[in-house]
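Novice: Take a look and give me a structure for this.
(one chain, ligands or ions: 2)
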Amino acid sequence: MLPDSIVPPEFKIIAEKVRNNKRISDEEGLLLFEKASLGFAGSLANEIRERLHGDKVFYNRNFHIEPTNVCVFSCNFCSYSKLYAKRDDGWELSIDQMLHIVKKYDDQPVTEVHIVGGVHPKMDLEFFAQLLKAIKAHRPELHIKAFTAVEYDYMFRKAKVSVEEGLKFLIDAGLNSIPGGGAEIFHPEIREKICADKVNADGWLLIHETAHKLGLHSNATMLYGHIEKYEHRIDHMRRLRELQDRTKGFNTFIPLKFRNMDNDMSYVPESSIVEDMRLYAIARIYLDNFPHLKAYWPMLGRQNAQLSLSFGVDDIDGTIDDTTKIYSMAGAEEQNPAMSSEELKSLIRQVRRVPVERDTLYTELGVTS
Ligand code: V47
Ligand code: SF4
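Specialist: Ligands and ions are numbered 1, 2, ... in the order given. Below is the predicted model:
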């Protein structure tokens, strides 16, 4: 914590609140974005993360399956999807091909498969239920974290089922939890400019709320550092904080830094590392009811992910094993993201933290100091 003498007066109340485990208001959150130095926000956030988790940094052993990059939607920031009509370098995997990916990990101690992709008009609810059943039949203990609210919204509407019916159907097929994608920026002023045609904020939040009520946990993301203003970030996090108050179903908040290569927003400059770290810190301070804050290393790069561990972050996702393309196609540092668990652990130890392997629901599987 910074000595009181160098804390500007307007921040003393915020520091007091954090010390006393009290919630900051939207206005205070905005003030932090507008005026807080990296040092001030970072030291407060670090105090919170150490109170919650000590020196632990969580990671897991996971791999991704991306069923397709064909997508009926046209988010301007997306470098990954190809419009269905003109798909030239698109891919669409069959259930057998996806099961083949799962089988490649048969002799490896992975605990999670993360399934996420574009929204393909022919991959429907029944298709994905078959996929989940096939994975569970092959490896029952593998945790399936699958599909964003955007994919659910489309497949449930197409199948003419309610969110509850659709989720129950997939839970019966083997779904275990929901990743945080598709949230982008909730505020309509920005959402209409960056991803006008996909599920809106209320739809996204309803899917997560229903999942929580059915006993699933989920994550939440925010795509930041493009055309949004600070007030849109606060609006986004306020909606998440309110839902979390009601359900306690979110595990982790994952800020996703906008990358500008090869997409319709390439003219927008990317945020600086200082802004990235300030965002992590302010998110840690504002989202007092989120147990975890994740830096997704394939997007941020290894060294920045290390740095984020001093700015409120306690989780750096998993080994990934070069199974995701969404960030490398948008210009992220990691072109072929893969790290062995030894590499992940040494990254964490280099910054004097303690690596802890977790499963998807943050059950600790092993502390290695
Ligand atoms: O919703 C797309 C983002 C998300 C770009 O829950 C981009 O554990 C930056 O949600 N620049 C999908 N971001 C990935 C996702 C995710 C990733 C890792 C872990 C978890 C989890 C969830 O990727 C999309 C969108 O926000 N994205 N394009 C881009 N150019
Ligand atoms: Fe489709 Fe997702 Fe890309 Fe949007 S971000 S175009 S929903 S793949």
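Novice: use CA for all of it now, contacts and neighbours both
Specialist: Noted.
Novice: Tell me the spacing between Asn260 and ligand 2.
Specialist: Using C-alpha to the nearest ligand atom, to the nearest Å, one gets 13 Å for the distance from Asn260 to ligand 2.
Novice: got it, and Phe11?
Specialist: For Phe11 relative to ligand 2 (C-alpha to the nearest ligand atom), the value is 37 Å.
Novice: Tell me the secondary structure at that residue.
Specialist: Three-state call for Phe11 (DSSP: H, G, I helix; E, B strand; the rest coil): helix.
Novice: With Leu256 instead?
Specialist: Look at Leu256: counting by three-state DSSP, its state is strand.
Novice: On the strand side of things, show who it bridges to.
Specialist: Beta bridges link Leu256 to Leu223, judged by DSSP bridges.
Novice: which residues touch it?
Specialist: Thr221, Met222, Leu223, Tyr224, Tyr296, Met299 (C-alpha atoms under 8 Å, 6 or more residues apart in numbering).
Novice: per-residue confidence at Asp262?
Specialist: We have a pLDDT of 84 for Asp262.
Novice: Tell me the residues on the protein that lie near ligand 1, please.
Specialist: 77-79, 179-184, 219, 223, 256-260, 296, 330 (C-alpha under 6 Å from any ligand atom).
Novice: Ile65 against Val116, yeah?
Specialist: Yes - at 6.6 Å, Ile65 counts as touching Val116 under the criterion of C-alpha atoms under 8 Å.
Novice: about what we covered before: tell me the buried residues within the contacts of Leu256.
Specialist: Listed as buried from the contacts of Leu256 are Thr221, Met222, Leu223, Tyr224, Tyr296, Met299; burial here means 16 or more other C-alpha atoms under 10 Å.
Novice: From these, pick the one nearest ligand 2.
Specialist: Ligand 2 lies nearest to Leu223 out of those, by C-alpha to the nearest ligand atom, at 10.2 Å.
Novice: and that closest one, what is it in contact with?
Specialist: Going by C-alpha under 8 Å, 6+ apart, Leu223 touches Ala183, Glu184, Ile185, Pro255, Leu256, Lys257, Phe258.
Novice: what's the closest non-adjacent residue to the fourth one?
Specialist: Looking back up the chat, that one is Pro255. Met222 (4.9 Å; C-alpha to C-alpha, 6 or more residues apart in numbering).
Novice: For that neighbour, which residues are in contact?
Specialist: Counting by C-alpha under 8 Å, 6+ apart, the residues that Met222 touches are Ala183, Glu184, Ile185, His236, Ile254, Pro255, Leu256.
Novice: switch to 10 Å and redo it
Specialist: By C-alpha atoms under 10 Å, 6 or more residues apart in numbering, the residues touching Met222 are 180-186, 233, 236-237, 253-258.
Novice: residues in the protein within reach of ligand 2, list them.
Specialist: Within the chain, the positions near ligand 2 by C-alpha under 6 Å from any ligand atom are Cys71, Phe73, Ser74, Cys75, Cys78, Tyr80, Ser81, Gly117, Gly118, Val119.
Novice: Any idea how far apart the tips of stretch 287-295 sit?
Specialist: One end of stretch 287-295 sits 15 Å from the other (C-alpha to C-alpha, to the nearest Å).
Novice: show me where the stretch 151-300 of the chain has helices.
Specialist: For the stretch 151-300 of the chain, applying DSSP state H, counting those that start in this stretch gives helices covering 163-173, 188-194, 201-213, 230-247, 273-286, 297-300.
Novice: No further queries at this time; thank you.
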